[in-house]
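>>> the following comprises the amino acid sequence and a computationally predicted model.
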Amino acid sequence: MTPALIHGDHASCSRVGGSMRRESSRLRQHALTLDDALGGLASWKGPEAESSRAAIAATIRVLRATADHLDEAGAALQSYAIDLAQGHELGRRAEQRVREAGLFLDGSRVVEPWGPASAEEAEERRTQIPKIQARVDLATVCVGRARGRLAREMRRLAQALSEEHSRVAR
């Protein structure tokens, strides 16, 4: 048995993305609770009242931003899971074509097997390689692009989250 052409567990990616989105919803609920509590502090007077209300308001903004970024990250992970599932199916079909043609995969490269073969058999295999290689390439490119999109989105969200927290820290 050769290792699978496409690696990754799309079901787990989807579950993690869903969990992230549920946690995002919980954070939004906490932000609403804090917002209500802040409204109750409007009558609070004293030397520290205004600075305390400003600090709580800043915390609420960060909490909401964090919830938004967590939701976006979860959505991106779920979208990636869909692309990964499609890549697995494309990879499975490509691997099936490789086997049916009597060829092998060397990583993601379609190659002829070693050993003796008739001239007709060898020629038939050689003529099938480009067509089957294109199917293998389609599967790997599909997943590669999806991973690239996911990585860019995660970098963007990490940067945005870091900037939001830095603003509050100042």
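Received it, and whenever you're ready, just let me know what you need.
>>> from now on I want contacts and neighbour counts done on CA atoms only, so please keep to that.
Fine.
>>> if I look at A73, how far off is M154?
7 Å (CA to CA, to the nearest Å).
>>> settle it for me: which of the two has more neighbours?
A73 (24 against 18; other CA atoms under 10 Å).
>>> A49 versus the nearest residue to S24 once chain neighbours are set aside, what's the distance?
Distances taken as CA to CA, 6 or more residues apart in numbering put A67 closest to S24, at 4.4 Å, once the chain neighbours are dropped. To A49, A67 is 27 Å away according to CA to CA.
>>> neighbour-wise, which of these two wins?
Just comparing A67 and A49: by other CA under 10 Å the higher neighbour count belongs to A67, 24 against 14.
>>> which SSE is that one in?
If you go by DSSP states H and E, A67 is part of helix 49-100.
>>> gap between that helix and the chain center?
6 Å (CA atoms, centre = their mean, to the nearest Å).
>>> cool, and stretch 93-110?
The answer for stretch 93-110 is 27 Å, by CA atoms, centre = their mean.
>>> quick one: the residue nearest to S24 and S25 touch, right?
Yes - if you go by CA atoms under 8 Å, A67 and S25 touch, sitting 7.0 Å apart.
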